[in-house]
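Student: Pasted the sequence and its predicted model underneath.
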Amino acid sequence: MQAYKLNATIDESGYLIIDEPLNIAPGKVKVIILQPVPSLETPTESQPEKPKRQTKIKALQGWFEKTQPTPSDFDPDQARWEALKEKHNL
């Protein structure tokens, strides 16, 4: 099945209006509509609330609340290499 990404609008009467011409063969199609949702977040100067991380180990629950989650660009192999270099004075 071929996929296309198009921009379109829904008018007041509920009709789908495609903003650009299509060059596809006539026939039946399936349509998936994705509508952007406005963000509910309001910018504030206060600290953002940290997401709760769950664990079954009771001793780690308090520790998780105090620590920051790992950043998205964290590389565990690079962190291991840095620790080994520091340990062995390389």
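Tutor: Arrived safely. Residues are numbered from 1 along each chain as shown.
Student: now do the same end-to-end measure for stretch 15-23.
Tutor: With C-alpha to C-alpha, to the nearest Å as the measure, stretch 15-23 spans 21 Å from end to end.
Student: got it, and stretch 29-39?
Tutor: 31 Å.
Student: In that stretch, which residues are buried?
Tutor: Counting neighbours by 16 or more other C-beta atoms under 10 Å, one finds that stretch 29-39 has no buried residues. Placement of C-beta: from N, CA and C, glycine included.
Student: Give me the contacts around it.
Tutor: 1, 16 (C-beta atoms under 8 Å, 6 or more residues apart in numbering).
Student: Spatially, what comes nearest to M1 if we skip its sequence neighbours?
Tutor: K30 (7.9 Å; C-beta to C-beta, 6 or more residues apart in numbering).
Student: Next one: that neighbour from A3, what distance?
Tutor: Computed with C-beta to C-beta, to the nearest Å, the distance linking K30 and A3 is 10 Å.
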